[in-house]
Structures are given as C-alpha cells and as structure tokens.
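Novice: give me a 3D structure for the following:
(2 chains)
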Amino acid sequence: MKPFTYVRPADARAAITAAGDGGASFLAGGTTLVDLMRLEVMTPSAVVDLSPLPLTQIERAGDGLRIGAMARNSAVATDPLVVERYPLLAQALLAGASQQVRNMATVGGNLLQRTRCPYFRDLAVACNKRAPGSGCSAIDGYTRSHAILGTSEACIATHPSDMCVALAALDAVVHTRGAGRERAIPFGEFHTLPGDHPEVESALEPGELVTHVELPASPFAAHAHYVKVRDRAAFAFALASAAVGLDVADGKIRAARIALGGVATKPWRAVEAEQALIGQAPNRASFERAAAAALVDPKPRRDNAFKVALARRTIVRALELAWGAA
Amino acid sequence: MSSVETPIAVGMVAPSFVLHDDAGRPLSSSETRGRPWVLAFARRWTPGHDAGAIRAQLRGLGAILFIVSDAGVWSFRPDDDIELTAGPSRRLRREIAELAARWGVDAREDGVFVVDDHGAIRFAHAPSGELGATLATALAAAGRELIGLPPRPGITRRDWVVMSLVAGFGVVLLHGCRTPGADRPPAPAPVAVKAGSDVDVVLRINGQDRRLRIDPRTSLLDALREHLALTGARKGCDHGQCGACTVLRDGHAVNACLTLAVAAEGAAITTIEGLARGDQLHPVQSQFIAHDAFQCGYCTSGQILSGVALLREGRAKTDDEVRQQMSGNICRCGAYPNIVAAIQAARKEV
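Specialist: Residues are numbered from 1 along each chain as shown, chains lettered A, B, ... in the order given. So this is what the prediction gives:
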C-alpha cells in the first residue's frame, strides 16, 4: 500500500476541503478502497475518513425516503421503512456480498463501487480504467464476467453493484455537496458510460461528496422482486440480475420498472422492456415479450454470449416472482 | 405543582400514556391496571418470527409488554394483542415522539422499563445495542427465573413476576454490555497525519483502551496481530473474502483486514480473546467444541464471532438462513454442517 495522508475531518465542509485537490479518496466502509489500495490499484495521496460525519440516517422525506450516504448496507436492508416500502432495495442489498461486508459497506460507497474485472485488479496487465491509455486486456481476454451492454472499445468492465440496480429501478436521486454547491443527480445520470474515458465512472467532480440518496414514493412495493443469478448461492457477483417492479390496476400493467445488473457497464434501465409491458395483462406471455424487447443491440464477446439469453430469462423470472405467479 | 416533568427514574410512579391510530383507536397504559408491565422502545423491531415466542413467555409471566418501534406500537397481552400501525399515522408518530421524550429516550435510541402492579418503575435501562433482538431472550430469562426458584414467603406472585422481569432484562442487557457495542468509546477528535508519518491511536479492544503509534496504512488485523499480540483473528486472504479475520465492531461482524486501524478509533472491538468470561466459554465457543465444528481451526475464530453476531442480531433462524448469513466465513476443511449445528445449539443458551 502506498503512503497516504490520513484526514479525519470535523464535518462535511472540512471533508470536502480536504479532498479538494483531486488526488484524495473519501473513505466510507473501506470494503472497496482498502482492498484496492492494498493491491495498489488505487493510490490516493490522501484518505479522508467520513466515519465521523452524521450521514447514517434513514428517514421519511415527504412521501419518500432519505437514506444517508454513510448508512450501512445491513442497516438499510433491515430498516422497517425500507422493508415495507422498498422491498426491492432490501432484497438487492441482502443479495450482495457477505454479512461482514454489508456491515461495513455504505450507500455512498456502494454507489462508487469499482468493477471486479480481473484485469483492472492486476497491475501486470493493461487496463484503460486503471491506467488510462494503456489498452484493454479484457476485450481479447477471458470475458465470462464482462458486460454486453454499454461497452466501448476502451472498456467492457461490468458494474458490480446489486444495490445500484434496485436504486435505478426505484428512480433514486443522488444528493451531493461540493465546494461551491449542492446537487441532486437523477440516478440514470449518476454513473457514466466508459466511452473513451473508462477511468471516469460517475458525474461527481473532485472533492464532491455524496450526502444522501432520496427515493420517491413507490407504487411498486406490492409487486417487486430482485433476482440474482450467480455461480454460487451466496457471496458471489451477479452474472445477471434484474430488479423489477409492477404497478397493476384492473388486471393491466399501469407502470413497470426493470433494471439489470451483471450485464452492463453501469446499472442498466431496460426502458424498452418497461414500455412493452404498459397496458398488458401481467402474464408469462407479456413478460416474455418484454424480455425480448430488452437488451437492445447487445455486444457479446467470446465467453459471455450466454448473458443475452440469461438476462432475458432473469427478467421473466423476476417479473413472475414480482407478480406472484412463479 | 411544578410544570416541569420529573425525569424518569427507578422508584417513581410511571406516567400514564395513551396512543391513537388515525381511526382514533386508543392504546393506553390504563389497561395494565393490576398487572406488571414492560415498556420497550425497540426502534427496529418489527413483528416477525419472535412474536410467538414473546406471547408464549408473557402468558407464563402474566405481564403486559408494550413495544414501541419505528413501524408502530404493539401491546402484547397474555390474552390478546393490540397493534397500532396504520402507516404509522402522523398522529401516532407524534404521540410516539412525545412518549419517548417523556420517558427520556432519544428519538433513535432503544430503552426498556419494567413497571410493577402498583405502577412504580422498578427497572430502567437504555441499552446501546439493538433491543429488538433481545426482547424474547429477556422474557425467556424472566420466565426461567420465575420457574427456577420457589417464591419466598411474603412475596406475592405479582412481586415475583416483577422481580423475574427485572432479573431477566438485567441478565440479558448485562450480557449485551459484555459483548460489544455497549462500551463504545467517545468519538475520536479530528486529525490530519501527513503521508509517511505515524499516528497515535487509542483502540478499545475487548473493553480495554490500547494505545498505539502506527503507520496509518496499518489494518486493524495487523494492529491486533502484530502490535497487540492478539493473534486469534487470522489473516487468510487479506481481501475480505475469507472471513478468518472477522471481529465484532460495536457488536457487528466486520472484516478486520479491510478496516484501517486508525479508522477504528471510537468503536468497541471484540476479538475471540474477549469472548469468554474467565474460564467460562461463550455458548458459541462451547458448542463449537461439543459439535466438533472445526478441523484445522484456522477459520474458527472468525466463524465463532460471526456466529455470535448472528445470534445477537437474531434474524437468521433456519439452517439455510444461518448458512446464508455465515457465507462470508470460508472453511477450507469443510466443517460447515457442524458449524451450523453448533450455532443452532448455542441459540438456546444465549
């Protein structure tokens, strides 16, 4: 691990000031940062410890919910309000990682979780995300875990979060505070596609701090489900996952939310599949049509072509479970 | 008469309360008349798997239990139960806030009070851990107390119930104090340490403050093993994947290898060395021995601490739920069936 300046700030303002130079990293739960610092994949000049900041609250905000950036994953997953109103989020959180990691990992940190692409984690090989301009070892490498949506010639790394898939489906808003201003960033605009700059992963500016995430009132609580397909039943990253919600009235789907994990370079809203469900009766046939409409123009590689069919079946399975028909 | 309300204290008469849902349905302390009762502020409690156990214990005790949580208010009575949730309504939320303030419990805190059949407060405690998981356990302990010892002459059954309730909560909360979280040190002061310099830290390990001067890069795991000679936490993968380094931070299982020691200031850390009381092993430790739940033993410290946290949190019940929650602890010898059996056996003792 490279030496770093350690800062334990008195408050959010001091944290933002300390992280202002761009070479610093905020330390939340540490489950990504400490791991990658030990590998020297991340080498921040300063580590700004956010644990003293009072950002752990989970509370009502109007008809919605406000979750502090430092709320632990395990605390969010078992919060009565989350369980009752946003079961999708609770399910996605509990599908991720281990109990130890969920006890450490935070909402803010999970938003900024780094990819598990093995080439990103290996200093001996080229990686545009780790060393911009060095090339992508994954594209012609072993691609079983890699993305088929949102990829570029520079990067095909998968976004690894489960929580973010649920937040994408729930139309979350990420609230931030920087040196000069506060921002409310719609979830779909928070993560960026790799394009020519896979080292940039979010809309955050240097020193900008995520303070909390807000969830709007959700009509999907009664019919929501997170399905995660992985190599083993626990403590594994998704090969494909789907967070879905259905709002059904008079036997017809009024609105639907479908987001995908494990298959894309950022948490992926399957808008086409959502559209295909509106006005339909909730049944296997309409679910399959929606799944067929998802994954527009996928870019499978040698070892991950199976993900096209897997993701579609995961959507159907999640919709059936959400509707209660499985 | 003074308009300032007296702070809640043992010995004083419990203030009465009445709560309503939106439909105006009342739930009032007056229904306790002639019976001992328990008022529990358990913020994260929701009526789940433990409701049946709680009801069964109360039937034996003949006491009434009010649980106030973020999700609503419940009154558990030996005969039937009342529940005020309905959202919970804005009115109920306001009434809950007033009730908590009257009883001196902060908005996000837990607290428990035992009131005797004359309305006098006999026990008041604000546990620093989560109370929800311990309610059923405390009532069970009270029940054991009641059954285990014959009442002495001159003590009524109701007095006996109250004494059992007080003892039951006392035992459970004392146990909670010995395990993690309860002895959390004060928040550490702001600090900035230049790269390449060492930093002075105070870590509260197993209830003792340990002073160290360390490189800020030092993990909690290395601080324990290399600086404090506490080698029970093991280094397996050093990447948070194997769980051999598991310790308790404020009562919750965490990976010591992914924790910077300097960032663990202000937390109460429990390692395997801090689990036994003298020669008396923690039930999870003794059940690991009884069930032969290890072979080489390398992962065992972490397995036991994860098991202790699992039982304390009280959410994982079935074998499958235990396996799922223990999935962050890898056993290369494959002792998993016996590990699950040991944890399930220890459940009856904690």
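Novice: distance of B:R347 relative to B:L311?
Specialist: Look at B:R347 and B:L311: by C-beta to C-beta, to the nearest Å, they are 6 Å apart. C-beta coordinates here come from the backbone N, C-alpha and C atoms, glycine included.
Novice: these two - which one has more neighbours?
Specialist: Applying other C-beta atoms under 10 Å in any protein chain shown to B:R347 and B:L311 shows that B:L311 carries more neighbours, namely 24 against 19.
Novice: can you pull the contacts of that one?
Specialist: Residues in contact with B:L311 (C-beta atoms under 8 Å, 6 or more residues apart in numbering or on different chains) are B:284, B:343, B:346-347, B:350.
Novice: mind checking which of these are buried?
Specialist: Buried subset of the contacts of B:L311 (neighbour count, 16 or more other C-beta atoms under 10 Å in any protein chain shown): B:284, B:343, B:346-347, B:350.
Novice: helices - which of those residues land there?
Specialist: In this view, those that belong to helices under DSSP state H are B:284, B:343, B:346-347.
Novice: just to revisit the earlier point, kindly reformat the contacts of B:L311 as TSV containing distance to chain A.
Specialist: As requested, the contacts of B:L311 are exported to TSV (distance: C-beta to the nearest C-beta, whole Å):
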residue	distance to chain A
B:V284	15
B:I343	13
B:A346	17
B:R347	16
B:V350	17
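Novice: least confident pick among these?
Specialist: Of all the contacts of B:L311, the model is least confident about B:V350, whose pLDDT is 84.
Novice: okay, stretch A:220-238 in CSV with CA atoms only?
Specialist: Extracted C-alpha coordinates of stretch A:220-238, given in CSV (Å, rounded to 0.1, in the frame of the first residue of the first chain):
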residue,chain,number,x,y,z
PHE,A,220,-44.2,-0.9,-6.9
ALA,A,221,-43.8,-2.1,-3.3
ALA,A,222,-46.6,-4.8,-3.6
HIS,A,223,-45.1,-6.3,-6.8
ALA,A,224,-41.3,-6.0,-6.8
HIS,A,225,-38.5,-8.6,-6.9
TYR,A,226,-34.8,-8.8,-7.3
VAL,A,227,-33.4,-11.9,-8.9
LYS,A,228,-29.6,-12.5,-9.0
VAL,A,229,-28.1,-15.3,-11.0
ARG,A,230,-24.5,-16.2,-9.9
ASP,A,231,-22.1,-19.1,-9.8
ARG,A,232,-22.8,-19.9,-6.2
ALA,A,233,-25.8,-19.1,-4.0
ALA,A,234,-24.1,-16.6,-1.7
PHE,A,235,-21.2,-14.2,-1.7
ALA,A,236,-20.7,-14.0,-5.4
PHE,A,237,-21.1,-11.3,-8.0
ALA,A,238,-24.0,-11.4,-10.5
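Novice: now the strands for the stretch 1-150 of chain A?
Specialist: Residue ranges of the strands in the stretch 1-150 of chain A, as given by DSSP state E, counting those that start in this stretch, are A:5-8, A:24-27, A:46-49, A:58-61, A:64-68.
Novice: closest one to chain B among those?
Specialist: Of all these, it is strand A:5-8 that lies closest to chain B, at 4.0 Å by C-beta to the nearest C-beta.
Novice: just the mean pLDDT for stretch A:291-299, thanks.
Specialist: Average pLDDT, stretch A:291-299: 96.
Novice: same deal with stretch B:249-262?
Specialist: What stretch B:249-262 shows for mean pLDDT is 96.
Novice: go on, stretch A:54-71?
Specialist: 94.
Novice: buried residues in that stretch?
Specialist: Of the residues in stretch A:54-71, those buried (16+ other C-beta under 10 Å) are A:55-56, A:58, A:64-71.
Novice: which of those lies closest to A:R181?
Specialist: A:A69 (16.8 Å; C-beta to C-beta).
Novice: excluding sequence neighbours, find me the nearest residue to the closest one.
Specialist: Once flanking residues are discounted, A:A69 sits nearest to A:G108: 3.1 Å by C-beta to C-beta, 6 or more residues apart in numbering or on different chains.
Novice: quick check, that neighbour in contact with A:I67.
Specialist: No. Counting by C-beta atoms under 8 Å, A:G108 does not reach A:I67; the two are 9.5 Å apart.
Novice: now list whatever residues contact both of these two.
Specialist: Common neighbours of A:G108 and A:I67 (criterion: C-beta under 8 Å, 6+ apart): A:V213.
Novice: distance of B:W103 from B:R90?
Specialist: Distance from B:W103 to B:R90, by C-beta to C-beta: 21 Å.
Novice: returning to what we had before: most widely separated two among the ones in helices among the buried ones among the contacts of B:L311?
Specialist: B:V284 and B:R347 (9.2 Å).
Novice: which one in chain A is furthest away from the centre?
Specialist: The centre of chain A is farthest from one residue, A:D250, which by C-alpha atoms, centre = their mean lies 33.2 Å away.
Novice: what helix or strand is B:G297 on?
Specialist: Following DSSP states H and E, there is no helix or strand that holds B:G297.
Novice: ok, it - how many residues close by?
Specialist: Neighbour tally, B:G297, other C-beta under 10 Å: 12.
Novice: quick check, pLDDT for the closest residue to chain B within chain A.
Specialist: Closest residue of chain A to chain B, C-beta to the nearest C-beta: A:S98 (2.5 Å). On pLDDT, A:S98 comes in at 97.
Novice: please name the residues that touch B:A264.
Specialist: For B:A264, the contacting residues are B:201, B:203, B:220, B:223, B:249, taking C-beta under 8 Å, 6+ apart as the criterion.
Novice: 6 Å instead?
Specialist: Applying C-beta atoms under 6 Å, 6 or more residues apart in numbering or on different chains to B:A264 gives the contacts B:203, B:220.
Novice: and what of B:D50?
Specialist: B:A136 are the contacts of B:D50 under C-beta under 6 Å, 6+ apart.
Novice: do you know how far it is from B:V202?
Specialist: Distance, B:D50 to B:V202, using C-beta to C-beta: 37 Å.
Novice: same check, this time on B:P36
Specialist: Relative to B:V202, B:P36 is positioned 43 Å away (C-beta to C-beta).
Novice: for chain B, what are the nearby residues on the stretch 151-300 of chain A?
Specialist: Taking C-beta under 6 Å from any C-beta of the partner chain as the contact definition, the stretch 151-300 of chain A meets chain B at A:234-235.
Novice: quick one: the helices in the stretch 151-300 of chain A?
Specialist: A:163-169, A:187-190, A:271-277, A:284-293 (DSSP state H, counting those that start in this stretch).
Novice: export the longest one as CSV, just CAs?
Specialist: Taking only C-alpha atoms (Å, rounded to 0.1, in the frame of the first residue of the first chain), the coordinates of helix A:284-293 have been written out as CSV:
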residue,chain,number,x,y,z
ARG,A,284,-45.9,-15.2,-18.9
ALA,A,285,-46.6,-14.1,-22.5
SER,A,286,-46.3,-10.4,-21.8
PHE,A,287,-43.3,-10.9,-19.6
GLU,A,288,-41.5,-12.8,-22.4
ARG,A,289,-42.3,-10.1,-24.9
ALA,A,290,-40.9,-7.5,-22.5
ALA,A,291,-37.7,-9.6,-22.0
ALA,A,292,-37.4,-9.9,-25.8
ALA,A,293,-37.6,-6.1,-26.1
